[in-house]
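> predicted model and sequence below, questions to follow.
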Amino acid sequence: MASLLLAVLWGFSVFAGWGLEAFCPIEKRDGGCFARLGVVAAVSSLFAMVAGCCTAAAWLAPSVRREVARFRVAIGVAIAAWVAAEGTLFIGGMLIQ
């Protein structure tokens, strides 16, 4: 459940304009801010892809899902990667302002 919530938060931040509203205020909106936020989102998406793959592996691969230790590792890595994706987006957004 946590992975799903973190994925939704990241998705809204990148694709629904939440990041744009947070890090490119209306008075500072220019092409440069959009471009810089795009770079930050691209870097953040690398972590999000790892997180998505680990989440999918944890829930869909029978060999991982059936063994509690493997499942915990996969979900733990997925949550850590979602936190890294969100953190990259937040810190990068703060730096581009």
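Noted; the coordinates are in hand. Numbering: from 1, shown residues only.
> now the helix or strand residue 71 falls within: mean pLDDT?
Here residue 71 sits within helix 68-96, counting by DSSP states H and E. Helix 68-96 shows a mean pLDDT of 93.
> buried set for it?
Going by neighbour count (16 or more other CB atoms under 10 Å), the buried part of helix 68-96 is 71, 74-75, 77-79, 81-82, 84-86, 88-90, 92-93, 96. Placement of C-beta: from N, CA and C, glycine included.
> likewise stretch 16-31?
Result for stretch 16-31 [16+ other CB under 10 Å]: buried residues 19-20, 23-24.
> cool, stretch 3-20 as well?
In terms of neighbour count (16+ other CB under 10 Å), stretch 3-20 has its buried residues at 3, 6-7, 10, 13-14, 19-20.
> list just the nearest of those to residue 61.
residue 3 (14.7 Å; CB to CB).
> and the pLDDT at that closest one?
81.
> quick one: contacts for the closest residue to it other than its chain neighbours?
Spatially, and ignoring its direct neighbours in sequence, residue 3 is nearest to residue 55 (4.4 Å; CB to CB, 6 or more residues apart in numbering). Residue 55 makes contact with 3-4, 7, 74-75, 78, according to CB atoms under 8 Å, 6 or more residues apart in numbering.
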